[in-house]
Every structure is written in structure tokens, then in C-alpha cells.
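Novice: pasted the sequence and its predicted model underneath.
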Amino acid sequence: DILVDGQLCDCDVVVNCQVGDPVPLQVKLTNWSKHSVGPFALTVMPYQDYQNGVHNYDLQDAITFVGSNTFYIDSVKPTKDSVYFGALLFLYTGDFYLNIKFHEDNCSRELPLSWLCLPSVHIRATEPVV
């Protein structure tokens, strides 16, 4: 489950926020398998989609993380979950997306594709209301 500013997100939801306000981000990983999983890392990578096949990941001047954009997960036991909290700060207006990936933390081989990416989260940063 992914929550942005308290809203549960899926691929059809656009979360609106204001430039300059920290936006809470929560990612909850639930292990529905019969075995423990891990260790691996969860990485949040913001980008802009120019709608022409180009994704701009070079957003250091537009978005900053409050804390880290990578969270390390030792293991998650069967039927249990782990929740990771962070926050984003948008410095400019625009439509942004979050690419959230899980990757193995103990070697260079990545997890199978079905484990790799969650659906992108769409966030629209607007001017503060005065």
C-alpha cells in the first residue's frame, strides 16, 4: 500500500499538494507468502513524464526528500508487514511521478520483474493558496 499525504494511491489517483509543504509518504509492504522475504531495499525515485516517451529523473532542483529516498529492509515474516515513512518537498509546480522499486540488497542480481516495481504514483504540485 502507498499513501501520499494520507491518501491511498493507485494508478488512477492524482494526489494534489502545495509547493513548499512537506508531503508525507508511507509505503507498506505486506508479505503474503509462506516464507520470510529479504533483505532488500525500497527506493523512491521521482520523475516527470514528458508524454513523449522521455522520463526526466534529474529533479534535484524541483523535489527534495525529507530524510532518505532509500529504506533498507532486513526481512519480513509471513503474513506480517513493514511500513516505511518519508516525506517529499516540492519546490516547483508541475506533475510528478514516483517510481517505487524493491531490489535485492545482498547482491547485484535484481528480483524477478513481478517484485521489482509498484505502479507509479502521480502527484500534482500547485502554488500555495494565499
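Specialist: On my side now, so go ahead.

Novice: show the subsequent helix or strand relative to the host helix or strand of residue 25.
Specialist: For residue 25, the enclosing helix or strand under DSSP states H and E is strand 22-30. Toward the C-terminal end, the helix or strand that comes next after strand 22-30 (DSSP H and E) is strand 40-49.

Novice: just the CA trace of that next one, in PDB.
Specialist: Presented in PDB, the C-alpha positions along strand 40-49 are these (Å, rounded to 0.1, in the frame of the first residue of the first chain):
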ATOM      1  CA  PHE A  40      16.200  -5.900   0.100                       C
ATOM      2  CA  ALA A  41      15.900  -2.100  -0.300                       C
ATOM      3  CA  LEU A  42      13.000   0.100  -1.200                       C
ATOM      4  CA  THR A  43      13.900   3.100  -3.400                       C
ATOM      5  CA  VAL A  44      11.700   6.000  -4.300                       C
ATOM      6  CA  MET A  45      12.700   7.800  -7.500                       C
ATOM      7  CA  PRO A  46      10.700  10.900  -8.500                       C
ATOM      8  CA  TYR A  47      10.400  11.800 -12.200                       C
ATOM      9  CA  GLN A  48       8.500  13.900 -14.700                       C
ATOM     10  CA  ASP A  49       6.900  12.300 -17.700                       C
END
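
Novice: okay, now the sheet partners of that strand, with direction.
Specialist: Pairing partners of strand 40-49, with direction, according to DSSP bridges: strand 55-56 (antiparallel), strand 70-73 (antiparallel), strand 94-104 (antiparallel).

Novice: single out the most deeply packed of those.
Specialist: With neighbours taken as mean count of other CB atoms under 10 Å, these reach their highest mean count in strand 94-104, at a mean of 18. Bear in mind the C-beta positions are built from the backbone N, C-alpha and C, glycine included.
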